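1. structure here, sequence nowhere to be found:
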């Protein structure tokens, strides 16, 4: 059994006893039972994930993984490929949206180079897990070899382990990679047996012609590569991306260590689909932060059985939606931990 | 011109120049234009409200107003009336949901007695603006006199002024009052010309019989009192509540001082309907925090033309949804203020 298989076999069902205790406590707190809706559900899920009756979220991290994509040669993105490392540098300088929102919620941002085309960044804060200098053009062949797909997932597992060892109570996922809505849509089409028209959107903002090129590139990627929908590694290798594999690995690694994962938008959700194809029980450890404006995202969340927390028309990635979602998860746990019970507060119960 | 009329005449249109500047800056920040969806819209609205090109939200307050309701004699609530002051004491002790969420977002909670039936609380932190010891039973007559309705609104205006003078950059609204979904639903029915069945829900959790009693009480309240839908003060006086009038006053007072108001759930939205009936231009200063689980809330938000930020099935009140919404408004303003521009970060723009 290799490490990936071992991690998958380590992922346990949610702890029903902790969930029962959390639910019972929610019903003793000074509010009508159920009146905090999604916050109550979230706190109970996190109790089940962590195995703690009263879980707490203090240390927070957003893992933002960057990678490049050969398919940009097909004219599928509104921005040039050089933006991937430029934005990675922006992340390290603290000027990007994910930095602002991570500061807002008191989280760290861990930036990982999973395989950008350029290797010019020397800043030691950038975690280097480069599988290769960008993927192959999926409209003409495989994105990567099966071994590279395994390597990307393995790296994600190791990054998650390291962050949890540093104390992370929750992990948010994020991505950066010009062109990466194209492989993400291809993954979703492959796993859901959907047409590219139903899934692909405008990403960072392609025009009508760009959207046509994108849909065509995805259709050719599926036709040329024939990914096997029952084999997550095959789908990742044929039409995926290094940062997508890395994020799938983060989810598997965190789930094996009973740590909740706040899933960002379109790209992170494609990664979640790979993770859940490899390990269906991983799903219980995932929380969907938001429904993106990207066309197929709602269908992908439905396929996963995840109900998004926010509906803010976000379409940026980076982990921005995950950061907002983490703040909600933290609020949910604080409600469970910090509210007074009817008995403690001397408040009369329902008649 | 009395003070309420003077405040209403002070409410100005949003500052278009500040909104244009905020929108232009959003488009220069290192992200695809529009990719932060609701966060971008929020930051632009708050620029228009405050008249600042780059507004900031630092000082935050949730004003939670308590009042009692004679209509509880009709068996419309699942909890006994003694819970209103018990929960007010819980607010002051820091053990209620609003305290937990206010701490989470770094806000103060200002608790106001607008007219609880009981006057036993001696804690000086409780702001006393008691109009009377609870309203009349609206199913049999008016909730209050027109002079009392004016007094409740005037108190809300003064509370908002005091909080803004203390430095509040944003005000969240909240309520506590056993039975207060009944007058809130009656207000909505009167102003929207809707039937009680379409608006009234289970509040804190009445059973089927309780819901029937509640719908019947609202129908009788409308029939006995015949509130004039073009006169917000008349509707408030006949079928409203002291905390509802107070919250309407908070909204008017904040709008006159160009301060954004985060509107909580069902009761706060009924107050917003009173405020907007009195001063339609007040609407631009309001942000709807969430869509409550209470049946008619979505229709009420539609009537106001407000799009809720969150859809968490909350039905607690107290300002809990407003607290979460304030955190989103703060995040939106930080995005506008703190993100690097394309030029500053050396990131290439769209091709």
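-> Looks like it came in fine. Here the structure is a predicted model, which is why all the values come from computation and not from measurement.

2. for residue A:136, give me its contacts.
-> By CB atoms under 8 Å, 6 or more residues apart in numbering or on different chains, the residues touching residue A:136 are A:70, A:142-144. Glycine gets a C-beta too; all of them are placed from N, C-alpha and C.

3. which of those residues count as buried?
-> With burial judged by 16 or more other CB atoms under 10 Å in any protein chain shown, the buried subset of the contacts of residue A:136 is A:70, A:142-144.

4. circling back to that earlier point, inside strands: which ones of the contacts of residue A:136?
-> Here DSSP state E is the test, and the contacts of residue A:136 give no hits in strands at all.

5. between those residues, which is nearest chain B?
-> Comparing those against chain B with CB to the nearest CB places residue A:70 closest, at 17.7 Å.

6. once you drop chain neighbours, what's closest to that closest one?
-> Leaving out its chain neighbours, the residue that sits closest to residue A:70 by CB to CB, 6 or more residues apart in numbering or on different chains is residue A:137, at 3.7 Å.

7. residue contacts, the residue in the stretch 51-200 of chain A that chain B sits nearest to?
-> Nearest to chain B, among the residues of the stretch 51-200 of chain A, is residue A:95, at 2.9 Å (CB to the nearest CB). By CB under 8 Å, 6+ apart, the contact set of residue A:95 is B:30, B:338-340, B:344-345.

8. please spell out the PyMOL selection for the buried subset of these.
-> Entered in PyMOL, the line below selects the buried ones among the contacts of residue A:95, by 16+ other CB under 10 Å:
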select buried, chain B and resi 30+338+339+340+345
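
9. ok, which pair from the contacts of residue A:95 is furthest apart?
-> For these, the farthest-apart pair by CB to CB is B:338 and B:345; their separation is 12.3 Å.

10. now pLDDT too, for the buried ones among the contacts of residue A:136, in a markdown table please.
-> As requested, the buried ones among the contacts of residue A:136 are arranged in a markdown table below (pLDDT from 0 to 100):
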| residue | pLDDT |
| --- | --- |
| A:70 | 98 |
| A:142 | 98 |
| A:143 | 98 |
| A:144 | 98 |
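
11. could you measure from residue A:269 over to residue B:111?
-> Taking CB to CB, to the nearest Å as the measure, residue A:269 and residue B:111 are separated by 42 Å.

12. out of the two, which sits in the more crowded spot?
-> Using other CB atoms under 10 Å in any protein chain shown as the criterion, residue A:269 and residue B:111 rank with residue A:269 on top: 32 against 27.

13. could you measure the nearest residue to that one once chain neighbours are set aside against residue A:294, distance?
-> Leaving out its chain neighbours, the residue that sits closest to residue A:269 by CB to CB, 6+ apart is residue A:300, at 4.8 Å. Using CB to CB, residue A:300 is found at 9 Å from residue A:294.

14. tell me which of the two has more neighbours.
-> Between residue A:300 and residue A:294, counting by other CB under 10 Å, residue A:300 is the more crowded of the two (27 against 24).

15. so which strand or helix has the more buried one?
-> Using DSSP states H and E, residue A:300 sits in helix A:297-304.

16. ok, and what's touching that helix?
-> Against helix A:297-304 from outside (CB under 8 Å, 6+ apart): A:188, A:191-192, A:194, A:198-199, A:201, A:265-266, A:269-270, A:272-273, A:276, A:283, A:286, A:288, A:291, A:307-308.

17. before we move on, what SS does the closest residue to chain B within the stretch 151-300 of chain A have?
-> Closest residue of the stretch 151-300 of chain A to chain B, CB to the nearest CB: residue A:204 (4.1 Å). The three-state label given to residue A:204 by DSSP: H, G, I helix; E, B strand; the rest coil is coil.

18. which helix or strand contains the residue nearest to it when sequence neighbours are not counted?
-> In space, and not counting its chain neighbours, residue A:204 is closest to residue B:32: 4.1 Å by CB to CB, 6+ apart. Using DSSP H and E, residue B:32 sits within no helix or strand.

19. what's the answer for residue A:49, then?
-> According to DSSP H and E, residue A:49 maps onto helix A:37-50.

20. any idea of the mean pLDDT for that helix?
-> Helix A:37-50 shows a mean pLDDT of 98 in the predicted model.

21. can you give me the end-to-end distance of stretch A:137-153?
-> When the termini of stretch A:137-153 are compared using CA to CA, to the nearest Å, they are 20 Å apart.

22. mind checking how far residue A:236 is from residue A:56?
-> Applying CB to CB, the value for residue A:236 to residue A:56 is 34 Å.
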